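**Student:** with the sequence up front, the predicted model follows.
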Amino acid sequence: MKRFNIGGLGNLNPFRGLRNDAPRPNTPTSPSTPSTSRPNPPRDGFETAPTRSTTLSRGLFGPSHAEQFNNNPMQYTGQNILNGYKLFPNGTPPQGVDLPTPHRPFVPANQSVATMNIQQQHGNANLSLSSPGGNGPQVHYLHYLSGGQALGPNQGSFAGISNVPLRPGPNDPSMVVTGPLNGCAVHALHNPANGTLSFVHQADFEHQGAATGRQHLNNFLTQNNLQLVQSLTPNSYSKPSGPHQLPTGATAFAHYDRVAQQWQLVSQMNEYKSGAGAGGRPELQRPQDFPGGGQWMRPIDLNNPLNINDLQ
């Protein structure tokens with residue numbers, strides 16, 4: 001994890017990537033005082049191995065807050081810290097949720113649906129996903145493929161979902177969720193051929209420099225005949241914070257505002273409070289140097305596509 005943000009950060013450039021695949025620095029912490037630096041977390045929110053205590057249940061952590069988050073995501077994130085680590089509590093994707101591969105980077109939207117759950121623990125709103133059709137909001141899951149899975153040196157690593165309706169029906173998912181960001185980018189794309197949206201998680205956006213990340217993205221868009229309509233890169237969410245000025249991470253999601261009839265791309269900056277506890281999740285907190293909470297929101301507007309050269 002390396003970078004992230006959500007509206008309210010002044011003049012911060014909204015165009016910069018998210019990173020799920022890089023671990024945060026490992027710094028010793030005192031058991032009697034809050035940690036001021038980042039312990040070594042799971043590699044990302046997708047590939048962590050299960051532990052003996054990974055089972056999340058409503059009885060253990062209380063009722064799910066997923067409906068509150070799904071119904072009013074901006075209000076919920078203004079009051080709660082999202083934690084996207086251990087999205088799969090059992091360590092493996094839930095049955096019924098299709099995942100992309102390097103040779104097949106897109107999963108159709110109707111095959112990416114999962115049931116979202118949120119339990120409060122230690123001040124964090126812990127997200128988890130289970131099989132579709134469960135007791136909770138149905139959402140699209142946007143997976144992640146590490147940078148090492150790129151098919152070639154100039155292609156980058158992309159994982160996406162395609163054919164997301166511009167205006168979801170009343171029974172369609174209205175949210176896209178992905179794992180924690182620490183240097184990756186999340187992009188919203190338009191398919192002019194059928195008038196739908198695609199969402200993509202790009203690994204290591206700036207690992208070799210933002211110019212290389214932009215080139216990889218441009219190649220990907222050209223190959224798939226897609227237009228870039230919104231983007232969240234590390235430039236927007238990864239900022240020095242805390243006593244050690246370590247880079248912040250982020251939790252990102254997209255949601256469809258049924259009143260405005262428009263999709264929005266959102267992120268919430270975070271930093272580590274303590275290392276992984278029971279269940280393998282690190283505890284997160286709002287960035288110490290961003291008392292406003294570090295939230296970022298941008299509309300997905302087909303009439304105002306982005307210039308890829310503006311991404312940083």
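**Tutor:** Sure thing, it's come through.

**Student:** going by C-alpha atoms from here, please, whenever you check contacts or count neighbours.
**Tutor:** OK.

**Student:** tell me the pLDDT at Asp172?
**Tutor:** With respect to pLDDT, Asp172 has a value of 96.

**Student:** so what's it closest to, chain neighbours aside?
**Tutor:** Setting aside the residues directly before and after it, Asp172 is nearest to Gln138 in space (Cα to Cα, 6 or more residues apart in numbering), at 7.7 Å.

**Student:** who's in contact with the one you found?
**Tutor:** Residues near Gln138 by Cα atoms under 8 Å, 6 or more residues apart in numbering: Val113, Ala114, Thr115, Met116, Pro132, Asp172, Pro173, Ser174.

**Student:** check Asp257 too.
**Tutor:** With Cα under 8 Å, 6+ apart, Asp257 has these contacts: Ser174, Trp263, Gln264.

**Student:** quick one: Pro102 from Phe158, how far?
**Tutor:** Distance check for Pro102 against Phe158: by Cα to Cα, to the nearest Å, it reads 7 Å.

**Student:** scratch that, Gln227
**Tutor:** Applying Cα to Cα to Gln227 and Phe158 gives a distance of 15 Å.

**Student:** so these two - more neighbours on which side?
**Tutor:** A direct count of neighbours by other Cα atoms under 10 Å for Gln227 and Phe158 places Phe158 higher, at 30 against 21.

**Student:** give me the pLDDT value at that one.
**Tutor:** 94.

**Student:** still on that earlier bit, closest to Gly213 out of the contacts of Asp257?
**Tutor:** Nearest to Gly213 among the contacts of Asp257, counting by Cα to Cα, is Gln264 at 22.6 Å.

**Student:** how many neighbours does the nearest residue to the closest one once chain neighbours are set aside have?
**Tutor:** Leaving aside its sequence neighbours, Gln264 sits nearest to Pro299 (Cα to Cα, 6+ apart; 4.4 Å). Neighbours of Pro299 under the rule other Cα under 10 Å: 17.

**Student:** can I get the strand or helix carrying Gln264 as CSV, trimmed to CA atoms?
**Tutor:** Assigned by DSSP states H and E, Gln264 belongs to strand 262-274. Output in CSV follows, covering the C-alpha atoms of strand 262-274 (Å, rounded to 0.1, in the frame of the first residue of the first chain):
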residue,chain,number,x,y,z
GLN,A,262,-24.5,9.6,-11.7
TRP,A,263,-21.6,7.3,-10.7
GLN,A,264,-18.9,8.7,-8.4
LEU,A,265,-15.4,7.6,-7.6
VAL,A,266,-14.5,7.9,-3.9
SER,A,267,-11.5,7.3,-1.7
GLN,A,268,-10.8,7.7,2.0
MET,A,269,-7.2,8.2,3.2
ASN,A,270,-5.9,6.2,6.1
GLU,A,271,-2.8,5.3,8.1
TYR,A,272,-1.9,2.4,10.4
LYS,A,273,-2.8,2.6,14.0
SER,A,274,-1.5,-0.8,15.0
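
**Student:** okay, now the sheet partners of it, with direction.
**Tutor:** strand 249-257 (antiparallel), strand 283-285 (antiparallel), strand 295-299 (antiparallel) (DSSP bridges).

**Student:** so which of the ones you listed is nearest Gln121?
**Tutor:** Going by Cα to Cα, the one of the strands paired with strand 262-274 nearest Gln121 is strand 283-285, 8.9 Å.

**Student:** ok now the closest one, how far from the chain's centre?
**Tutor:** 15 Å (Cα atoms, centre = their mean, to the nearest Å).

**Student:** neighbours of Gln230, how many?
**Tutor:** 25.

**Student:** downstream of whichever strand or helix holds it, the next helix or strand is which one?
**Tutor:** In the assignment (DSSP H and E), Gln230 maps to strand 227-232. Counting by DSSP H and E, the next helix or strand C-terminal to strand 227-232 is helix 234-237.

**Student:** state the distance from Asp204 to Met269.
**Tutor:** Using Cα to Cα, Asp204 is found at 18 Å from Met269.

**Student:** from memory Asn182 sits against Ala250, does it?
**Tutor:** Yes: applying Cα atoms under 8 Å, one finds Asn182 in contact with Ala250, separated by 6.9 Å.

**Student:** the two - which one has more neighbours?
**Tutor:** A side-by-side neighbour count of Asn182 and Ala250, using other Cα under 10 Å, places Ala250 first with 36 against 32.

**Student:** next one: that one from Val186, what distance?
**Tutor:** Distance from Ala250 to Val186, by Cα to Cα: 11 Å.

**Student:** got the angle between the lengthiest helix in the chain and strand 227-232?
**Tutor:** Ranked by residue count, the top helix of the chain under DSSP state H comes out as helix 210-224. Using axes from the mean of the first three to the mean of the last three Cα atoms, to 10 degrees, the direction of helix 210-224 lies 140 degrees away from that of strand 227-232.

**Student:** what's the nearest residue to Tyr272 if we skip its chain neighbours?
**Tutor:** Excluding its sequence neighbours, the residue lying closest to Tyr272 (Cα to Cα, 6+ apart) is Leu284, at 4.6 Å.
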